[in-house]
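What shape does this take:
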Amino acid sequence: MLAFLCLILHLASAYGSTSKGKSIILLAGQSNMSGRGGVHNNTWDGVVPLQSQPNPSILRLTANLTWVEAREPLHKDIDVHATCGVGPGMAFANRLLQRDPGLGPLGLVPCAVGGPRGTSISEWGRGTFLYKQLLRRAKVARRDGGSISGMLWYQGESDTVSEVDARMYKMRLVNLFRNLRADLGTPLLPIVHVAIASANGPYIEIVRKAQLGITLPKVRCVDAKGLPLLEDKRHLSTLAQERLGLMLADAFLALKRCGLTKQKYAYQSI
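This is a model prediction of the structure:
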């Protein structure tokens with residue numbers, strides 16, 4: 001009997017040590033990361049697909065820097081100048097826990113801002129308001145013992161308006177990833193980003209080529225092209241966001257598995 005009790009205590013201790021702290025995931029970019037799934041005429045329909053349902057093991061860092069159980073819309077108190085709906089974050093998190101329960105609990109840190117006009121990559125450069133907010137929220141998120149496990153990035157539609165911005169996009173995005181890793185002290189932070197499916201201007205293919213051509217270590221790109229859009233032809237639908245979340249999760253898990261063996265010489269040159 002004593003041996004049995006010792007075994008139970010050992011297992012409980014082992015479980016507690018693996019679940020202590022959070023695996024923190026940063027969510028950044030513009031409106032399609034923030035989420036507009038189910039938004040029609042500036043009103044969210046409230047429909048949450050199966051893979052985006054709440055889970056007690058998934059938390060969200062609010063605008064006032066407290067942790068609460070995560071539920072859609074994840075960015076409702078961050079992207080405050082627009083109506084938020086379903087984004088990819090919850091489907092991503094649920095898929096991660098289904099495929100690798102050891103990653104939990106998960107702490108999602110919403111930082112994406114779309115607003116009425118979107119945000120360009122230059123607005124996310126080091127020293128800008130959006131960059132400093134992303135950095136501040138990331139640092140606060142790990143204060144209680146959690147570790148930053150990765151970032152999801154979906155942005156670029158606003159940089160398709162100007163040919164100059166489109167051609168500068170690759171350099172600016174690479175600099176963002178490098179600067180964030182340096183400022184967080186995580187030089188190989190896993191990052192999964194999205195090749196845009198829609199655009200605000202005519203230079204979409206230049207931006208997409210830039211996104212798909214980035215070869216930084218521990219960075220992967222998921223292509224959103226072909227996913228269903230809302231009637232505005234700019235934002236992903238609810239089901240498209242769910243599908244994207246699953247794609248992001250699969251890419252993230254593959255990135256964690258692959259290590260650096262195939263990427264150690266693949267640093268980006270501009």
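
Would you mind giving me the confidence score for the residue most central in space within the chain?
Nearest to the mean C-alpha position of the chain, counting by CA atoms, centre = their mean, stands residue 152 at 2.5 Å. Reported pLDDT at residue 152 in the predicted model: 98.

Residue 104 too?
84.

what does residue 244 give?
According to the model, residue 244 scores 98 on pLDDT.

how close does it sit to residue 120?
21 Å (CB to CB, to the nearest Å). (Glycine included, C-beta is placed from N, CA and C.)

mind checking which helix or strand the residue nearest to the centre of the chain is in?
If you go by DSSP states H and E, residue 152 is part of strand 147-154.

List the buried residues in the helix or strand just after that strand.
Per DSSP H and E, the first helix or strand lying C-terminal to strand 147-154 is helix 163-184. Neighbour-count burial for helix 163-184 flags 165-166, 168-170, 172-177, 179-181, 184 (criterion: 16 or more other CB atoms under 10 Å).

So of the residues you listed, which two are at opposite extremes in space?
Spatial extent of those (CB to CB) is set by the pair 166 and 184 at 27.9 Å.

What pairs with the strand holding residue 152, parallel or antiparallel?
Applying DSSP bridges, strand 147-154 is found paired with strand 23-29 (parallel), strand 191-195 (parallel).

hey, C-alpha coordinates of stretch 193-202 in PDB?
Extracted as PDB, the C-alpha positions of stretch 193-202 are listed here (Å, rounded to 0.1, in the frame of the first residue of the first chain):
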ATOM      1  CA  HIS A 193       3.900  32.900 -41.200                       C
ATOM      2  CA  VAL A 194       1.300  33.100 -43.900                       C
ATOM      3  CA  ALA A 195       1.500  33.900 -47.600                       C
ATOM      4  CA  ILE A 196      -1.400  36.200 -48.200                       C
ATOM      5  CA  ALA A 197      -4.500  35.100 -50.100                       C
ATOM      6  CA  SER A 198      -5.900  38.600 -50.800                       C
ATOM      7  CA  ALA A 199      -4.600  42.100 -51.300                       C
ATOM      8  CA  ASN A 200      -5.400  45.800 -50.900                       C
ATOM      9  CA  GLY A 201      -3.600  46.600 -54.100                       C
ATOM     10  CA  PRO A 202      -2.200  45.200 -57.400                       C
END
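
Tell me who's in contact with residue 65.
137, 140 (CB atoms under 8 Å, 6 or more residues apart in numbering).

so where does it fall, helix or strand?
With DSSP H and E as the criterion, residue 65 is inside neither a helix nor a strand.

What distance do you get for it to residue 108?
Residue 65 is 14 Å from residue 108, by CB to CB.

For residue 237, grab phi and psi.
phi -70, psi 170 (degrees, to the nearest 10).

Could you pull up the residues touching it?
So residue 237 contacts 37-38, 227-230 (CB under 8 Å, 6+ apart).

hmm, back to that, neighbour count winner among residue 244 and residue 120?
residue 244 (27 against 22; other CB atoms under 10 Å).

which ones are touching the more buried one?
Going by CB under 8 Å, 6+ apart, residue 244 touches 88, 91, 194, 222, 224, 227, 236.

Try it again at 6 Å.
Listed by CB atoms under 6 Å, 6 or more residues apart in numbering, the contact set of residue 244 reads 88, 224.
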